[in-house]
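>>> Sequence and predicted structure below; questions after.
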Amino acid sequence: MAEAGKAAGIVLWRQIAAALEAAILSGEHAPEDRLPSEGVLAARFGVNRHTVRRALESLARRGLIRTEQGRGSFVAGEVMDYPLHGRTRLFETIRAQRREPDSRILRVGAMPAAPAVASALGIGRGQPVLRVERLGLADGRPLVVGTHHLPLPRFARADIALRAAPSITAAMAACGVPDYRRASTRIAARLPTGEEAARLRQPRARPVLASEALNLDMEGRPVDFTLACYAAGRVQVLVEETVPLVAPETAKGEAPFGTSPS
């Protein structure tokens, strides 16, 4: 392969990347399959490990594979839709797509509200909130790292509830909030921090979808302000809007937009 590559004027790592991509697209390597090690690939293609590593990095940047520190490279799985609506729930979303949800509480503790958190929750700066860091997974794959901010003392018992089950919804119910709704979501792309990349098991060079979300109880009071980052190669945001098939006439008897008056 090396001689053919030189003769054709094609960089070797690009040839290897193309060969691996073809194997992935043909189904030879299925989603979530572990690829052969760098050493095995180097021997197969007759090149050094550095050349193989560059080919793998190219595939990772394009989202075809992911590399996990100490575990190797894996074919990227299917991207999961994450619909945004008034009742967005992570576990329900994952189960609806026939996947197994899981959640791990990383850290929990009371702390003074930062200015942005206080503004979103409608409380004074420095007022205490319960800060909950959580990792959400589907079929064992990390999807999102979220930091929830619950106002205190209203959610003082949430800490105890979270020890029994890592569910924000259940923790809120234990504090007298049986249901809540999403009021707003702001999303932007950025590069992850080192800690976020490690938790999501992805390279730092691959972007994440960062979101700010505010949830209200059924009386309209803020109950949760969440800062989250989603593995962009595994999650795509779906925004759905229900539009009536026939627009109602206006109070003045005007024809619906896009039709001709009779």
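Sure thing, it's come through.

>>> Assumed residue 159 was part of a helix.
Yes - under DSSP: H, G, I helix; E, B strand; the rest coil, residue 159 sits within a helix.

>>> burial of it, as a residue count?
By other Cβ atoms under 10 Å, 17 other residues sit near residue 159. Where C-beta positions appear, they are placed from N, C-alpha and C, glycine not excepted.

>>> in the sheet, who's paired with the residue nearest to it when sequence neighbours are not counted?
Spatially, and ignoring its direct neighbours in sequence, residue 159 is nearest to residue 108 (5.5 Å; Cβ to Cβ, 6 or more residues apart in numbering). Going by DSSP bridges, residue 108 is paired in beta bridges with residue 132.

>>> What pLDDT is listed against residue 108?
Confidence at residue 108, expressed as pLDDT, is 96.

>>> Over to residue 8?
pLDDT recorded at residue 8 is 43.

>>> all helices for the stretch 151-262 of the chain, in order.
Here the stretch 151-262 of the chain has its helices, by DSSP state H, counting those that start in this stretch, at 158-164, 168-174, 194-200.

>>> which one of those helices is the most hemmed in?
Highest mean neighbour count among these (mean count of other Cβ atoms under 10 Å): helix 168-174, with a mean of 20.

>>> Quick one: mean pLDDT for stretch 17-29?
So the average pLDDT for stretch 17-29 ends up being 90.

>>> buried sites along that stretch?
17, 20, 21, 24, 29 (16 or more other Cβ atoms under 10 Å).

>>> Quick check: the farthest pair among the residues you listed?
Spanning the widest gap among those are 17 and 29, at 13.3 Å by Cβ to Cβ.

>>> coming back round to it: what's the closest of the helices of the stretch 151-262 of the chain to residue 86?
Judged by Cβ to Cβ, the one of the helices of the stretch 151-262 of the chain that comes nearest to residue 86 is helix 168-174, at 14.3 Å.
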